[in-house]
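[1] let's see this in three dimensions:
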Amino acid sequence: MTPAINAVKAAGVAHRVHPYAHDPATASYGEEAVQALGLNPAQVFKTLVAQLEPPELVVAVIPVPAQLNLKALAHAAGAKRAALAELAHAERATGYVAGGISPLGQRKRLRTFLDRSALDHPDVYISAGRRGLEISLAAEDLARLLGAPFADLT
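    Numbering: from 1, shown residues only. This is a model prediction of the structure:
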């Protein structure tokens, strides 16, 4: 079990865990999950860590095929600007490695924002805290677990 799965179980939230064979040579962890599990790409969400100004690390959860709008994230967070965090900072703050960063069960709980498009699906898929492992749950449950607002982030 990962901290992400443990967090969902402890909260009693309905979910499903989806393991798949991870290829270390993959260029895109999100695309790999989509292909390996045969999922709708718009339903699979990636976890990105951003650095705000004034200084704060936050998380944006957006669909795999989308690109994060940093201005929209800064606006949603009430910050002047946002930039993607350095990978080492993201890994250290969350306790996960790239390709396995989950918005759930992080070492230090970072303020999180979910892309509004998550509400278009009965379930969303996010990293379960390890490469080759996804977890699916209702977007509303994910938002509640994270205390995260929905925002237009792409």
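[2] backbone dihedrals for the residue nearest the centre of the chain, please?
    Relative to the mean C-alpha position of the chain, the nearest C-alpha, by Cα atoms, centre = their mean, is the one of T47, at 2.8 Å. Main-chain torsions, T47, degrees, to the nearest 10: phi -110, psi 120.
[3] you'd agree it is up against A128?
    No - counting by Cβ atoms under 8 Å, T47 stays clear of A128, with 10.9 Å between them. In this view, the C-beta of every residue, glycine as well, is placed from N, C-alpha and C.
[4] which neighbours do these two share?
    Here T47 and A128 have S102 as joint contacts, going by Cβ atoms under 8 Å, 6 or more residues apart in numbering.
[5] now do the contacts for Y96.
    So Y96 contacts S102, Q106, S127, G129, R130 (Cβ under 8 Å, 6+ apart).
[6] what's the neighbour count on the second one?
    Each residue near Q106 was counted by other Cβ atoms under 10 Å, and the total is 22.
[7] what do you get for the first one?
    The burial metric for S102, expressed as a neighbour count using other Cβ under 10 Å, is 26.
[8] now do the last one
    Using other Cβ under 10 Å, the number of residues around R130 comes to 19.
[9] please apply the same query to the third one.
    The burial metric for S127, expressed as a neighbour count using other Cβ under 10 Å, is 27.
[10] now do the helices in the protein.
    3-11, 29-37, 70-77, 87-94, 139-146 (DSSP state H).
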